[in-house]
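Novice: model this:
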Amino acid sequence: MATFTKIAKPSAHHDEVLYSGSANNQTITGLGFQPDYVLMKNRTQDQYGVYNMVDTVRGINKNLYLDKTDGQDTASRLTAITSDGFTVAGDILEVNLANNGFIAQCFKLAGSTTTNDASATGIGTIDSSYRANQDSGISIVTWTGTGANGTIAHGLGKTPDCILMKDIQQDGYAWEMYSHSGNAGGSPENSSSSDEDHHIRFCTNSWTDPDDDHTYFNDTKPTSTVFSIGTSNNVNQSGILQMAICIANTNGSVRAGAYQGNNKTHGPFIFTGFKPKSIWTSGMLSEDPHWKTITTRFTSNANAAQSGSGSNHGNPIDHNLKFGNASAKAEVASQCSLDIFSNGFSPASTDGKHNGDGYYYYYIAWADEPMVSTNKVLGTAF
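Specialist: Purely as a prediction, here's the structure:
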């Protein structure tokens, strides 16, 4: 029988949980897996709407932020991981505040951490620790910088298409992104032939164009076993703890790439091979280069689901949550409208946030349902 998708049930590997905040500790349940990597966000408060990130590689008492340059801290916000959820401490602005709405984007990794001794295994040149979900195409990796060009094991068993890296020990270092930009082409800032030459500043106000700098990725594409780093302090300062989130395009799970906007209400169609649940987008060279995430499951702070027309289903989806160090990080309506299809998505508004005429945009799309599952049943948009 033909195989239509690598992942028949994406929610067995990554999913979203919506919950209302409380002044007391509360345990969130209902996932179909143990979440080893969790992104939590306050959907109500602008000031505290940061993406608070924890994972089981570093330890769940260590917090990072996908939209800040801070190093990790040890505040106890997520206090436990369970077989199908997690426990958050009460009265915490970032993860559990009374009368506030929250979202947690959760990801399954391996059940234990692999410590790679590069000299013993012959994989890479710098020791690392990681948890990889080879089925869904995501891994979390940590290492201590050496200051010299090197390679690091990622554990995915296939080549990553997108890697986010950061100095997590010190404040002041942004997330740096490698992206295999896929269907973008043309000038250096969007040429897939030079992906390894360019680093992209992820989620900060101090946006810079994709920069040709060999000190980040050593002008070397990742392989099925390792990714390369250069001498930049941002990813490899000697003696400093670093981290990477590695994503490999996987049928039925995740797709990362790039597209070109056309400034029309019926924007370009981006094929993913699945119905997206959450889509992260950002412009390469646009007026508003802040990452956004748009989901199909909710819009209002009261956890209700609706679309741009106010109904409980249907296109366009036009509420979004902001990444980026912008002044407003809470949920926003009528921005970045997208049409969601069973096999991809399309921008549905004319703006520079994700559909400026001729501009190129990065995206990372996480699956809700495969276009065709293993039972040969066609998926639908809603």
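Novice: Kindly point out the strands partnered with the strand or helix carrying residue 244 and how each is oriented relative to it.
Specialist: Assigned by DSSP states H and E, residue 244 belongs to strand 241-247. Paired neighbours of strand 241-247 in the sheet (DSSP bridges): strand 138-144 (antiparallel), strand 162-167 (antiparallel).
Novice: any chance of these in CSV, with distance to residue 241, mean pLDDT and mean neighbour count too?
Specialist: Any C-beta I mention is one placed from the backbone N, CA and C, and that applies to glycine too. Below are the strands paired with strand 241-247 laid out as CSV (distance: least, CB to CB, whole Å; pLDDT from 0 to 100; neighbours: other CB atoms under 10 Å):
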stretch, distance to residue 241, mean pLDDT, mean neighbour count
strand 138-144, 6, 98, 24
strand 162-167, 8, 94, 26
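Novice: ok, residue 75 to residue 94 distance?
Specialist: Residue 75 is 9 Å from residue 94, where distance means CB to CB, to the nearest Å.
Novice: Common neighbours of the two, please.
Specialist: Common neighbours of residue 75 and residue 94 (criterion: CB atoms under 8 Å, 6 or more residues apart in numbering): residue 63.
Novice: Who has more neighbours out of those two?
Specialist: Between residue 75 and residue 94, counted using other CB atoms under 10 Å, the more crowded position is residue 94 (22 against 14).
Novice: That one: what's its closest spatial neighbour, skipping adjacent residues?
Specialist: Ranked by CB to CB, 6 or more residues apart in numbering and with sequence neighbours excluded, the top spatial neighbour of residue 94 is residue 52, at 4.5 Å.
Novice: That neighbour sits in which helix or strand?
Specialist: Assigned by DSSP H and E, residue 52 falls within strand 51-55.
Novice: Can you tell me the SS state at residue 215?
Specialist: Using DSSP: H, G, I helix; E, B strand; the rest coil, the structure places residue 215 in helix.
Novice: In this structure it contacts residue 176, no?
Specialist: No: with contact defined as CB atoms under 8 Å, residue 215 and residue 176 do not form a contacting pair (10.6 Å).
Novice: who's residue 345 bridged to?
Specialist: Assessed by DSSP bridges, residue 345 has beta-bridge partners residue 270, residue 340.
Novice: For it, report the pLDDT, please.
Specialist: With respect to pLDDT, residue 345 scores 93.
Novice: ok, it - contacts?
Specialist: Here residue 345 is in contact with 269, 270, 272, 276, 279, 338, 339, 365 (criterion: CB under 8 Å, 6+ apart).
Novice: Show me what the strand or helix carrying the last one packs onto, helices and strands only.
Specialist: Right, the one you point to is residue 365. Assigning secondary structure by DSSP H and E places residue 365 in strand 360-370. Identification of packing neighbours for strand 360-370 by 3 or more CB pairs under 8 Å, 6 or more residues apart in numbering; DSSP states H and E yields strand 254-260, strand 274-283.
Novice: right, and the helix or strand after the last one?
Specialist: Read it as strand 274-283. Going down the chain from strand 274-283, the next helix or strand is strand 292-295, by DSSP H and E.
Novice: hmm, who's touching that next one?
Specialist: With contacts defined as CB under 8 Å, 6+ apart, strand 292-295 is touched by 16, 103, 277-282, 317-324, 335-336, 338, 353-354.
Novice: counting contacts, what elements does the very next helix or strand once past that strand pack onto?
Specialist: Downstream of strand 292-295, the next assigned helix or strand under DSSP H and E is strand 321-322. Counting contacts by 3+ CB pairs under 8 Å, 6+ apart, strand 321-322 is packed against strand 292-295.
Novice: Export the strands paired with strand 241-247 as CSV, with columns for distance to residue 180.
Specialist: As requested, the strands paired with strand 241-247 are arranged in CSV below (distance: least, CB to CB, whole Å):
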stretch, distance to residue 180
strand 138-144, 15
strand 162-167, 7
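Novice: follow-up on the earlier one: show the pLDDT at the residue nearest to residue 94.
Specialist: For residue 52, pLDDT reads 93.
Novice: My guess is residue 281 contacts residue 356. True?
Specialist: No: assessed by CB under 8 Å, residue 281 is found out of contact with residue 356, at 11.8 Å.
Novice: I'd like to know how far the nearest residue to residue 25 once chain neighbours are set aside sits from residue 134.
Specialist: Of all residues not flanking residue 25 in the chain, residue 90 sits nearest, at 4.8 Å (CB to CB, 6+ apart). Distance of residue 90 to residue 134, given as CB to CB: 36 Å.
Novice: how about the CA coordinates for stretch 133-142, as PDB?
Specialist: Presented in PDB, the C-alpha positions along stretch 133-142 are these (Å, rounded to 0.1, in the frame of the first residue of the first chain):
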ATOM      1  CA  ASN A 133      11.900  13.200  17.500                       C
ATOM      2  CA  GLN A 134      13.000  11.700  14.200                       C
ATOM      3  CA  ASP A 135       9.400  10.900  13.300                       C
ATOM      4  CA  SER A 136       8.200  14.500  13.500                       C
ATOM      5  CA  GLY A 137      11.400  16.200  12.500                       C
ATOM      6  CA  ILE A 138      12.400  18.300  15.500                       C
ATOM      7  CA  SER A 139      15.300  18.200  18.000                       C
ATOM      8  CA  ILE A 140      16.600  20.400  20.800                       C
ATOM      9  CA  VAL A 141      20.400  20.500  21.100                       C
ATOM     10  CA  THR A 142      22.800  22.100  23.600                       C
END
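Novice: Span of stretch 90-100 from start to end?
Specialist: 12 Å (CA to CA, to the nearest Å).
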